[in-house]
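Q: Return atomic coordinates for the entry below.
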Amino acid sequence: MTALLVVLGALVGAPLRYLTDRLVQSRHDSLFPWGTFTVNIAGSLVIGALAAAGTGPLSVLLGTGFCGALTTYSTFGYETVRLAQERAYFYAMTNVLVSVVAGVGAALLGYTVTRALR
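A: Numbers count the residues shown, from 1 in each chain. As a prediction, this is how the structure comes out:
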């Protein structure tokens, strides 16, 4: 049952990641990977809220399945390396710093708001 929940969450998360990335990136004329940034921050917010809500089937479905497929550390890494290779060092460093700070901040926000509502 657990594996099925992961698959079901991923079936929604993966296409949503792709569609969100394309939509967000198409609205920005910039080297900065806004689409990947957006899905990673959104996923951090959700996983923070799930951490505060506790474990169970919903955490498997949304945390491991949905957020696991929605967020993408590998694409974040690839895009940062690509920016550095293109000598867009400012964008590469900004991507690393802002993504890490905003991701942790979003997870903390999700956690804090969920704890306050419980």
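Q: going forward, measure contacts and count neighbours with C-alpha atoms only.
A: Fine.
Q: mean confidence for the longest helix along the chain?
A: Of all segments of type helix in the chain, defined using DSSP state H, the longest is helix 89-117. Summarised as a single mean, pLDDT over helix 89-117 is 98.
Q: Against which helices or strands is it packed?
A: For helix 89-117, the helices and strands in contact under the criterion 3 or more Cα pairs under 8 Å, 6 or more residues apart in numbering; DSSP states H and E are helix 34-53, helix 73-85.
Q: Flag every buried residue along that helix.
A: 91-92, 95, 99, 102-111, 114 (16 or more other Cα atoms under 10 Å).
Q: so where is the protein shaky, pLDDT-wise?
A: Applying pLDDT under 70 to the chain flags no residue at all.
Q: Spatially central residue for it, please.
A: Among the residues of the chain, residue 40 comes closest to the average C-alpha position under Cα atoms, centre = their mean, at 1.8 Å.
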